[in-house]
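>>> Need coordinates for the following:
(one chain, ligands or ions: 2)
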Amino acid sequence: MATKRSVGTLGEADLKGKKVFVRADLNVPLDDAQNITDDTRIRASVPTIKFLLEKGAKVVLASHLGRPKGVTPKYSLKPLVPRLSELLGVNVVMASDCIGEEVEKLAAALPEGGVLLLENVRFYKEEEKNDPEFAKKLASVADLYVNDAFGTAHRAHASTEGVTKFLKPAVAGFLMQKELDYLVGAVANPKKPFAAIVGGSKVSTKIGVIESLLAKVDILILGGGMIYTFYKAQGYAVGKSLVEEDKLELATSLIEKAKAKGVSLLLPTDIVVADKFAPDAESKIVPATAIPDDWMGLDVGPDATKTFNEALDTTQTIIWNGPMGVFEFEKFAAGTEAIAKKLAELTTSKGVTTIIGGGDSVAAVEKAGLADKMSHISTGGGASLELLEGKPLPGVLALDEA
Ligand SMILES: Nc1ncnc2c1ncn2[C@@H]1O[C@H](COP(=O)(O)OP(=O)(O)O)[C@@H](O)[C@H]1O
Ligand SMILES: O=C(OP(=O)(O)O)[C@H](O)COP(=O)(O)O
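Ligands and ions are numbered 1, 2, ... in the order given. Predicted structure coming up:
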């Protein structure tokens, strides 16, 4: 297994009075009014932080939110403060930056059992560049490091990887440990037939994962924004749908590879198209081969759902990452809801192992009220897929050995 599991964890170390830099993945979905629409990732981060507070530590909490280019108010972590404070039972103090003088002062003033939330680390381009100077600045306000950001463990960024060069010990939090324990086990030896369902909008990241998935799975179902690149590669018209022009050749070769490996690669046969990207768009169901000009595919159609369900009925293990459509808009939520229902039914009535990963996929399952019916809800979509591929997760590799 490429990602070692025996990472150091929070033990009985003397934490009293220590400043602990906790990297969490608080990348939660927010609506236009900055309300949190799914707080799964915040709730999942609570046990580690609470443990530290109960031991008398001072927590400096860091996360990214979204993919901002520079300082962008829309991606501030401020809207998370009330919910975090409520869940932790303390008044979380928020800094207006993640490094610098103000942060240093606030960190120095933290009482035992206090929490300082830093502003979005991705407001600095140095974060994603894993810049050592930036990592050093982040590290300078703490005594030790805890990484609980499983959802970001596949990124070698300053706050997930670089910072471990400056803070020792560097250990995994409870969420990180729980995710690795479950996923490494389930993925190393999946009960077969094994299916992966991949959708969502992060096409350029996820299309690369598909190649490795073909070596592991028996069935690969594609949905979401992923599919239009495949259609275009096959010569179909895709209207205004999401397409990654530079991935067309890759899509063609993936279709061929799936055939050669005997993997059943299922692309939707029908699509729900919209005349604009909006909740009140006009919509209609069309064959995947006949997407009209000026329309865009925003969900998979009912025939596709039927075919997917039949294929899933034959499986023993299913990993799902990425919604089938723009489920945030009611008109385009049916394909995603159908998958959520099918997986819940297979888990509860047939004992199929179902693993759901990714902020938005989990939000969709929560929205459908089915989260407690799945075998494992993972806080990482891309991270769980990369783990499944057998790729090392830099955020995990950087931690101390147990
Ligand atoms: N056909 C589509 N066109 C554009 N966006 C889509 C489409 N289908 C799904 N999406 C969007 O994909 C987003 C989730 O993508 P992604 O971040 O890759 O998933 P996850 O967070 O589960 O890993 C959702 O906000 C959803 O609206
Ligand atoms: O939401 C996340 O990933 P996911 O959508 O694959 O679950 C993580 O917070 C990582 O975010 P990134 O893909 O912008 O690095």
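>>> Contacts only, for the closest residue to residue 334 other than its chain neighbours.
Counting by CB to CB, 6 or more residues apart in numbering, residue 334 lies nearest to residue 299, which is 6.2 Å off, once chain neighbours are set aside. Backbone N, C-alpha and C define where each C-beta goes, glycine included. Counting by CB atoms under 8 Å, 6 or more residues apart in numbering, residue 299 touches 271-272, 324-327, 331-336.
>>> mind listing which of those are in helices?
Among these, DSSP state H puts 334-336 in helices.
>>> I'd like these laid out as JSON lines, including pLDDT and neighbour count.
Shown next, in JSON lines, are these (pLDDT from 0 to 100; neighbours: other CB atoms under 10 Å):
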{"residue": "334", "pLDDT": "98", "neighbour count": "18"}
{"residue": "335", "pLDDT": "98", "neighbour count": "27"}
{"residue": "336", "pLDDT": "98", "neighbour count": "31"}
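>>> tell me which of those residues is nearest to ligand 2?
residue 336 (14.4 Å; CB to the nearest ligand atom).
>>> who touches that closest one in this structure?
199, 299, 323-325, 327, 364.
>>> again, but for residue 197
Residue 197 sits in contact with 221-223, 308, 318-322, 339, where contact means CB under 8 Å, 6+ apart.
>>> Quick check: residue 58 touching residue 18?
Yes - counting by CB atoms under 8 Å, residue 58 touches residue 18, with 7.0 Å between them.
>>> rewinding a little: just confirm the residue nearest to residue 334 is within a helix.
No - counting by DSSP: H, G, I helix; E, B strand; the rest coil, residue 299 falls outside a helix, being strand.
>>> Run through the bridge partners of it.
Here residue 299 sits in beta bridges with residue 272, as judged by DSSP bridges.
>>> And it, what's its pLDDT?
Looking at residue 299, its pLDDT reads 98.
>>> Pull up the gap between it and ligand 1, please.
Applying CB to the nearest ligand atom, to the nearest Å, the value for residue 299 to ligand 1 is 7 Å.
>>> Same check on residue 131?
Distance from residue 131 to ligand 1, by CB to the nearest ligand atom: 25 Å.
>>> so what's that residue closest to, chain neighbours aside?
Per CB to CB, 6+ apart, closest to residue 131 is residue 158, 5.9 Å.
>>> I figured the one you found hits residue 130, correct?
Yes - contact status for residue 158 versus residue 130: in contact at 5.2 Å, counting by CB under 8 Å.
>>> These two: which has the busier surroundings?
Shown here are residue 158 and residue 130; by other CB atoms under 10 Å, residue 158 has more neighbours (30 against 18).
>>> and the more buried one, that one's in a helix?
No - assessed with three-state DSSP, residue 158 is coil; it does not lie in a helix.
>>> residue contacts, it?
Neighbours of residue 158 in contact, by CB under 8 Å, 6+ apart: 121, 126-132, 134-135, 138.
>>> Roughly how far does it sit from residue 58?
21 Å (CB to CB, to the nearest Å).
>>> Convert the C-alpha atoms of the one helix or strand residue 227 maps to to PDB, please.
Using DSSP states H and E, residue 227 sits within helix 227-233. Output in PDB follows, covering the C-alpha atoms of helix 227-233 (Å, rounded to 0.1, in the frame of the first residue of the first chain):
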ATOM      1  CA  ILE A 227     -19.400  12.800 -19.500                       C
ATOM      2  CA  TYR A 228     -19.400  15.600 -22.100                       C
ATOM      3  CA  THR A 229     -15.700  15.300 -22.700                       C
ATOM      4  CA  PHE A 230     -16.300  11.700 -23.500                       C
ATOM      5  CA  TYR A 231     -19.300  12.400 -25.800                       C
ATOM      6  CA  LYS A 232     -17.300  15.100 -27.600                       C
ATOM      7  CA  ALA A 233     -14.400  12.700 -28.000                       C
END
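>>> Report all helices and strands that the helix or strand following that helix contacts.
Per DSSP H and E, the first helix or strand lying C-terminal to helix 227-233 is helix 248-261. Under the contact definition 3 or more CB pairs under 8 Å, 6 or more residues apart in numbering; DSSP states H and E, helix 248-261 sits against helix 203-213, helix 227-233, strand 264-266.
>>> Quick one: those as CSV, columns for mean neighbour count, distance to residue 241 and mean pLDDT too.
Shown next, in CSV, are those (neighbours: other CB atoms under 10 Å; distance: least, CB to CB, whole Å; pLDDT from 0 to 100):
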stretch, mean neighbour count, distance to residue 241, mean pLDDT
helix 203-213, 18, 11, 85
helix 227-233, 23, 4, 97
strand 264-266, 18, 18, 98
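>>> quick one: which of those is nearest ligand 2?
helix 203-213 (6.3 Å).
>>> Okay, angle between the closest one and helix 248-261 too, please.
20 degrees (axes from the mean of the first three to the mean of the last three CA atoms, to 10 degrees).
>>> sorry, back to before: of the contacts of residue 336, which is the nearest to residue 32?
residue 327 (16.3 Å; CB to CB).
>>> What is the burial count for the closest one?
Counted with other CB under 10 Å, residue 327 comes out at 25.
>>> hang on, the earlier thing: neighbour count for residue 58 and residue 18, which is higher?
Neighbour count, other CB under 10 Å: between residue 58 and residue 18, residue 58 has more, with 25 against 17.
>>> which residues does that one bridge with?
With DSSP bridges as the rule, residue 58 is bridged to residue 19.
>>> Over to residue 222?
residue 198.
>>> I'd like the distance between it and residue 263.
On the measure of CB to CB, residue 222 and residue 263 end up 12 Å apart.
>>> which one of the contacts of residue 158 has the most neighbours?
Neighbour max across the contacts of residue 158 (other CB under 10 Å) = residue 138, 27 neighbours.
>>> Fine by me, we can end here.
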